[in-house]
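Novice: generate a structure from the sequence data that follows.
(chains A and B)
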Amino acid sequence: MPYLYNTPEDQREMLAAIGAESVDDLFAPIPDDLKLGRALQLPAAMCELELDQHLRELASANQHAGNAVCFLGGGSYDHFVPAVCDVIGSRSEFYTSYTPYQAEASQGNLQAMFEYQSLITRLTGMEVSNSSLYDGASAAAEAVLMALHAGGKRTKIVAPASLHPEYRQTIATYLECIDAELVTLPCPAGVIDADELAAAVDGDTAAVLLQQPNFFGCVEDADRVAAVAKDAGALLISVFDPISLGILKRPGDYGANIAVAEGHTLGTPMSYGGPYLGIMACDQSLVRRMPGRIVGETTDRRGNKCFVLTLQTREQHIRRDKATSNVCSNQALFAVRAAAYLSQAGPQGLKETAELCLHKSRYLAEQLCASERFSMAFEAPTFKEFVIRDRDNDVAGLLQQARSAGYLAGLPLGGWYPELSDCLLIAVTEKRTKAEMDALVGVLAGSRHARLAAVD
Amino acid sequence: MRNTRDTQLLFVLSKPGRRAGRLPACDVPTADIAELLPTAAVADAPPALPEVTEPQIIRHFLNLSTQNMSVDTHFYPLGSCTMKYNPKRNERAAAMPGFADLHPLSPDAAVQGMLHVLYEMQQYLSEISGLPACSLQPAAGAHGEYAALLVAAAYFRDRGELEQRRRVLVPDNAHGTNPASAVMAGFDTVAVKTLPNGGVDMDDFRGKLDDRTAVLMITNPNTVGIFEPNMRVIADEVHAAGGLVYLDGANMNAILGITRPGDFGADMQHYNPHKTFSGPHGGGGPGAGPICVTDALAPYLPAPIVERVGSGSSVVGSQESEHNAAATNYPLPPTLYRLSYDRPKSIGRVRSFFGNVGVLLRAYCYIRTHGPDGLKRVSENAVLNANYLLSRVKHILPVPQGDRCMHEFVASGSKIKKEKGVAAMDIAKRLLDYGYHAPTVYFPLTVPEAIMVEPTETESKETLDAFAAALFRITEESPELLHEAPHSTPISRPDEVQAARSPCLCARWD
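Specialist: Now for the predicted structure:
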């Protein structure tokens, strides 16, 4: 076995020192009738070369953003990952270390986490950040639990239909076994109707969720939503897109109390959905209710500035059943990658990335809507994603056709929103070129022309 | 050579006008932002991120990295964490564009190679656990605990027993995540006493088990590294009382191919693939927390699950022919695997998308590298190494549990504390000076001055000997020296009280 050291001679010496007859003897505490008594039914071992060939074969059976053109979004995006993220993320001292409980042996991780927290507060305009949670959806669910605890007797959570359906499903799961209710606000116009929201929110509402830009790519009126939440004494939880903050107002600017995000777009590839980066930042007043590890600055016995895990009395390893959350593992490695990404981008790079997403996605939307077949499903302005309606109501056929031409053209929405079964959600990142978009338009809009021509 | 100039905070290194990344010119017509977006939604300026160059970023983070101990650089005998070697072939695999650049909402037909890996992982984890149904969705061990407890709650709700079964029994030496997960899942926790050897106190357990019990959460081998002596009896009694047994799978590294949780009475378990199956720990994450359960609990698992279409037979059992066929027949037929969302009794989702696929892919590599015999060798050598180190250490520090252990053991510093005033923490900190990461200290809480050592199988006898020798020298050193240890690290003994009393959680600027 490639990773084991012990030679037969080592084993003999070690067993002698232990005073055991054999390795089997070491397992004597396990009663024989509980032992497996046969080999595991698993495939035989592969050497590195065989494994590599096997995996390349499997990988080549996938259509991915490298061999197809990806216009898929919905919470995971084909943004560019700069080389610095890979180099820093592949550094053994970062990726093969453990949680920095021993501060003296972990200042690298601790400072990187502290810098990540600092970068996130600057990115979001919020007062404090933790050092990461699992992903955007579970971060949103944790934010909801925080709001319920902070809200005392308030038990209602209001989420718009424009919040990512999987986030709403995750929140619903987290609320299933506790005394709380999730109310979904319909968004027929693709954005929150502030009057409808005001009618749904009351003195029992602990929090209002807002996704900005929302699941449909539309930009919400965050100021009005915030005002409605505030008037009712509810907390505002913002689910934001980190890249969008190159242009859009920050959650802290419009009064969010808790801001969460899917942060994989900051330097971590799509990887079929994980592992990702759950970002969470909040008001200072909520910090002791925040889940997850937090790094703080302090001094050591020689008076040197240094970093430690802090406010640990919130956490499960100290408080057990009284902890703010059960979260233990986080996504530290991707927080480091995000810190590298944000440093690499800088304010100007983030702004330009966001602008490219905006302009390119608008271009594609216009080109598609130039065809009689497509129209925008919603009027609200969009950032990098948009929903188009197919007047021929053949979303599945369109996607199939695009896929054979090498385009992952968009997400069908009918599974989540039956009323949008003739709609596609299309995302455009800074990576997409005019040529790719023109070709996609040719495939999608051209398919009808081709079919009509065939009928003629 | 230590470089402290470049490890100043990024905000200190920043200078207006510097930048690292450039973006392509926009190749489509542009319009004024004010025409495209409502003014109220647009920020006056982008976030005040640091302005630095690419060489600065690299020098900054690489110099920071050198202030960490890691498995690739040091022996890391951190009990309960299974800090084994992280194979490089696994890293390369996860970075292959055919896996790394996959969008999670791609149509199933576009990701058959990925779904093959995930389907196989469901099968492998079920085979290793002896529990036939698997969900790969949870993002970490604690997340798996939580998901499994929600599964248990759904099961009891379905049976009309949830109102009555409000209690989760948790031994007092369990990981803190266990009671925390139980509370999040809406249960009340009841601590069960354990004996000095770490085993469950049967009288206490029996006194607390009744028809209000929903679940017993048990770690086996337990947190002192002992196989629970009464495992089968405990499981039978929980089942007789109508409850379920949850296995905290953190310590699976001791029992791969030797015994299976499903065979010793567990109804559900999570895995920590970042421990047992060598996914790196990443400085605290990512991990993954797949769960396996009995057939009775299968309908409640999170959705989606990977299904194999058109064949009812399991791949496990006839996998050799299957795998050879799979290897020669790519590209796969378009619908061999699909994600099944049609699970009406499912608890729903516990996160977005499929799961921590990158971690699961590494675990797949690990399992395929080892095969059935190799996995058993892993556990045998993990247990051999731990017992060997115990045989060296017990002459230096008492090991209350006795002469034998599974994959880890817990020594006690209480004698040296009493005699010389040297605390477990002093010993841990001094080990850093000798070039070893500290063991876990003060856990489990049931052992005074606990020093929890898990060497793992990927260490040599020479390393274990040297570690024991260092430990011995430390016990001979002056208490004064030890109280101020470590002496060779960039910092020493941070003031944690100050950090918590007046928290400084982000860089102060401007």
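Novice: now do the domain split for the chain, please.
Specialist: Because you didn't say which chain, this covers chain A. Domain segmentation of chain A under automatic domain parsing yields A:83-341, A:348-455.
Novice: my question was about chain B
Specialist: According to automatic domain parsing, the ranges for chain B are B:10-65, B:132-369, B:372-496.
Novice: helix/strand/coil for A:V260?
Specialist: Assigned with DSSP: H, G, I helix; E, B strand; the rest coil, A:V260 falls in the strand class.
Novice: just to revisit the earlier point, pick the most buried one from the domains of chain A.
Specialist: Among these, the stretch with the highest mean neighbour count (mean count of other Cβ atoms under 10 Å in any protein chain shown) is domain A:83-341, at a mean of 23. To be clear about C-beta, it is placed using only N, CA and C from the backbone, and glycine gets the same treatment.
Novice: distance between the ends of that domain?
Specialist: 9 Å (Cα to Cα, to the nearest Å).
Novice: one step back: which one of the domains of chain A lies nearest to B:E454?
Specialist: domain A:83-341 (11.4 Å; Cβ to Cβ).
Novice: relative to B:A41, which of the domains of chain A is closest?
Specialist: Of those, nearest to B:A41 by Cβ to Cβ is domain A:83-341, at 5.0 Å.
Novice: how about A:G75, secondary structure?
Specialist: coil.
Novice: my guess is it contacts A:A261. True?
Specialist: No - look at A:G75 against A:A261 with Cβ atoms under 8 Å: they stay out of range, at 10.0 Å.
Novice: the residue of the stretch 301-450 of chain B found nearest chain A: neighbouring residues, count only.
Specialist: With Cβ to the nearest Cβ as the measure, B:F353 is the residue of the stretch 301-450 of chain B nearest to chain A, at 2.8 Å. Using other Cβ atoms under 10 Å in any protein chain shown, B:F353 is surrounded by 27 other residues.
Novice: quick check: which element contains it?
Specialist: Assessed by DSSP states H and E, B:F353 sits outside every helix and strand.
Novice: which residues touch the residue nearest to it when sequence neighbours are not counted?
Specialist: Ranked by Cβ to Cβ, 6 or more residues apart in numbering or on different chains and with sequence neighbours excluded, the top spatial neighbour of B:F353 is A:G273, at 2.8 Å. Contact partners of A:G273, counting by Cβ atoms under 8 Å, 6 or more residues apart in numbering or on different chains, are A:76, B:104, B:352-355, B:357.
Novice: just to revisit the earlier point, can you lay out the domains of chain A as TSV showing mean pLDDT?
Specialist: Output for these, formatted as TSV (pLDDT from 0 to 100):
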stretch	mean pLDDT
domain A:83-341	97
domain A:348-455	94
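Novice: can you put those domains in TSV and add distance to B:I258?
Specialist: Converted to TSV, the domains of chain A look like this (distance: least, Cβ to Cβ, whole Å):
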stretch	distance to B:I258
domain A:83-341	26
domain A:348-455	44
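Novice: indicate which one of those is closest to B:H60.
Specialist: domain A:83-341 (8.8 Å).
Novice: on that earlier part again, determine the residues that are contacts of both of A:G75 and A:A261.
Specialist: Common neighbours of A:G75 and A:A261 (Cβ under 8 Å, 6+ apart) are A:G136.
Novice: re the thing from before, the residue of the stretch 301-450 of chain B closest to chain A contacts A:G75, correct?
Specialist: Yes - with contact defined as Cβ under 8 Å, B:F353 counts as touching A:G75 (7.5 Å).
Novice: for the closest residue to B:E237 other than its chain neighbours, what are phi and psi?
Specialist: Sequence neighbours aside, B:L209 is the residue nearest to B:E237 in space, at 6.2 Å (criterion: Cβ to Cβ, 6+ apart). Dihedral angles of B:L209 (phi, psi; degrees, to the nearest 10) stand at phi -80, psi 130.
Novice: ok now do B:L209, which residues does it touch?
Specialist: B:169, B:216, B:237-238, B:241, B:243.
Novice: ok, back up a step: ok, the residue nearest to B:F353 to B:Y124 distance?
Specialist: Taking Cβ to Cβ, to the nearest Å as the measure, A:G273 falls 20 Å from B:Y124.
Novice: quick one, longest strand in the chain?
Specialist: Since no chain was named, I'll use chain A. strand A:205-212 (DSSP state E).
Novice: ah, no, chain B please
Specialist: strand B:213-219.
Novice: so what strands line up beside that one?
Specialist: strand B:167-171 (parallel), strand B:244-248 (parallel) (DSSP bridges).
Novice: of the ones you listed, which is nearest B:I57?
Specialist: With Cβ to Cβ, the closest approach to B:I57 among the strands paired with strand B:213-219 belongs to strand B:244-248: 39.6 Å.
Novice: could I have the CA atoms of the closest one written out in CSV?
Specialist: What follows is strand B:244-248, C-alpha atoms only, in CSV (Å, rounded to 0.1, in the frame of the first residue of the first chain):
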residue,chain,number,x,y,z
LEU,B,244,-32.6,4.1,17.0
VAL,B,245,-28.8,3.9,17.3
TYR,B,246,-26.7,6.6,15.6
LEU,B,247,-23.0,5.9,15.1
ASP,B,248,-20.7,8.9,15.1
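Novice: average pLDDT for it?
Specialist: Average pLDDT, strand B:244-248: 98.
Novice: tell me which helix or strand comes right after it.
Specialist: Next element after strand B:244-248 (DSSP H and E): strand B:268-270.
Novice: is chain A within reach of the next helix or strand after that next one?
Specialist: Note on strand B:268-270: by DSSP H and E, the next helix or strand toward the C-terminus is helix B:273-276. Yes - using Cβ under 8 Å from any Cβ of the partner chain, helix B:273-276 reaches chain A at B:H274.
Novice: shared neighbours of B:F353 and A:G75, which are they?
Specialist: Common neighbours of B:F353 and A:G75, using Cβ under 8 Å, 6+ apart, are A:E166.
Novice: what's the distance between the residue in the stretch 251-400 of chain A that chain B sits nearest to and B:S352?
Specialist: Residue nearest to chain B within the stretch 251-400 of chain A (Cβ to the nearest Cβ): A:G273, separated by 2.8 Å. Plainly put, A:G273 is 7 Å away from B:S352 if you go by Cβ to Cβ.
Novice: give me the common contacts of those two.
Specialist: Residues touching both A:G273 and B:S352 (Cβ under 8 Å, 6+ apart) are B:P104.
Novice: can you pull the contacts of B:E228?
Specialist: B:E228 neighbours (Cβ under 8 Å, 6+ apart): B:199-200, B:218, B:220-222, B:234.
Novice: what do you get if the cut-off is 6 Å, keeping everything else the same?
Specialist: Counting by Cβ atoms under 6 Å, 6 or more residues apart in numbering or on different chains, B:E228 touches B:199, B:220, B:222.
Novice: which of the domains of chain B has the lowest mean pLDDT?
Specialist: domain B:132-369 (a mean of 91).
Novice: centre of the chain to it, how far?
Specialist: Mean C-alpha position of domain B:132-369 versus that of the full chain (Cα atoms, centre = their mean, to the nearest Å) differs by 13 Å.
Novice: take stretch B:83-101, keep the C-alpha atoms, and write them as CSV.
Specialist: Taking C-alpha atoms only, stretch B:83-101 is exported to CSV below (Å, rounded to 0.1, in the frame of the first residue of the first chain):
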residue,chain,number,x,y,z
MET,B,83,-4.5,13.5,10.4
LYS,B,84,-3.2,11.0,7.9
TYR,B,85,-1.3,11.7,4.7
ASN,B,86,-3.3,13.3,1.9
PRO,B,87,-2.4,11.6,-1.3
LYS,B,88,-1.3,13.8,-4.2
ARG,B,89,-3.0,11.7,-6.8
ASN,B,90,-6.4,12.6,-5.2
GLU,B,91,-5.6,16.3,-5.5
ARG,B,92,-4.7,15.9,-9.2
ALA,B,93,-8.0,14.1,-9.8
ALA,B,94,-10.2,16.7,-8.1
ALA,B,95,-8.5,19.4,-10.3
MET,B,96,-9.3,17.6,-13.6
PRO,B,97,-11.4,20.0,-15.6
GLY,B,98,-13.9,17.2,-16.3
PHE,B,99,-14.7,17.2,-12.5
ALA,B,100,-13.7,20.7,-11.3
ASP,B,101,-15.5,22.6,-14.0
